[in-house]
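Q: Predicted structure and sequence below. I'll ask about it afterward.
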Amino acid sequence: AQKVTQAQTEISVVEKEDVTLDCVYETRDTTYYLFWYKQPPSGELVFLIRRNSFDEQNEISGRYSWNFQKSTSSFNFTITASQVVDSAVYFCALSEAWETSGSRLTFGEGTQLTVNP
Amino acid sequence: NAGVTQTPKFQVLKTGQSMTLQCAQDMNHEYMSWYRQDPGMGLRLIHYSVGAGITDQGEVPNGYNVSRSTTEDFPLRLLSAAPSQTSVYFCATHRAYGYTFGSGTRLTVV
């Protein structure tokens, strides 16, 4: 069975600090997808990134970067020079192959990030 | 292009009442699913459908029914609401591992 763990329940930083959100996953599939979503106070889920299991290249998008390491089953998310608008709950999620689980998404518990001015 | 539309956005029910949460999509995706979000537990899969006429249970299906008569609609039914079903509910569709979520329904059962 697939599982996602976000050990950090809450993180509080001061604006302009860098912050890393940890995500550890478990799966028996060799083909899977990893995701990060942002949930601002308004409540909607905002897609940030999708990564497939065959692409271990790190990715950078503006102030956001992601570090995917299959050796440690981790997919960590770093925000550089954090801003107040980054305050939100962040979810890591995993989807196994369609044949395994109908490609259902399994979410981590979420990390509440608060960026203080 | 609306994507995934959930109605209502907010609902208060009394214990024992029934209701249907609506989910409609205009993306022609075969796969639809329902999740509930509770504090500290992330989102958990309730039921999902891989196409019209086909549904299956997810992680927390008890107390909920679904049906899928058309590609566009995937309603979630609570037959006898309980306080434990107080939650935020999200409907989602996907194709090729690209997921689209509705804006959510906040349900309170008193």
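A: On my side now, so go ahead.
Q: burial of B:Val110, as a residue count?
A: 10 (other C-beta atoms under 10 Å in any protein chain shown). All C-beta atoms are positioned from the backbone trio N, CA, C, and that covers glycine.
Q: how far away is it from B:Ser84?
A: B:Val110 sits 12 Å away from B:Ser84, going by C-beta to C-beta, to the nearest Å.
Q: beta partners for the residue in chain A that chain B sits nearest to?
A: For chain A, the residue closest to chain B is A:Phe107, as judged by C-beta to the nearest C-beta, at 3.8 Å. In this entry, A:Phe107 is beta-bridged to A:Ala93, by DSSP bridges.
Q: list the contacts for the residue nearest to A:Gln8 when sequence neighbours are not counted?
A: Closest residue in space to A:Gln8, ignoring its immediate chain neighbours: A:Thr111 at 4.7 Å, by C-beta to C-beta, 6 or more residues apart in numbering or on different chains. The neighbours of A:Thr111, taking C-beta atoms under 8 Å, 6 or more residues apart in numbering or on different chains as the test, are A:Gln6, A:Gln8, A:Thr9, A:Glu10, A:Ile11, A:Leu21, A:Asp22, A:Val89, A:Tyr90.
Q: So what sits opposite A:Thr111 in the bridge?
A: When bridges are called by DSSP bridges, A:Thr111 pairs up with A:Tyr90.
Q: hmm, back to that, just put the contacts of A:Thr111 in a markdown table and tack on pLDDT, neighbour count and distance to B:Ser69.
A: Listed next are these as a markdown table, based on pLDDT from 0 to 100; neighbours: other C-beta atoms under 10 Å in any protein chain shown; distance: C-beta to C-beta, whole Å:
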| residue | pLDDT | neighbour count | distance to B:Ser69 |
| --- | --- | --- | --- |
| A:Gln6 | 97 | 21 | 37 |
| A:Gln8 | 97 | 17 | 42 |
| A:Thr9 | 96 | 10 | 41 |
| A:Glu10 | 97 | 10 | 43 |
| A:Ile11 | 98 | 17 | 44 |
| A:Leu21 | 98 | 22 | 40 |
| A:Asp22 | 98 | 17 | 42 |
| A:Val89 | 97 | 21 | 34 |
| A:Tyr90 | 98 | 24 | 36 |
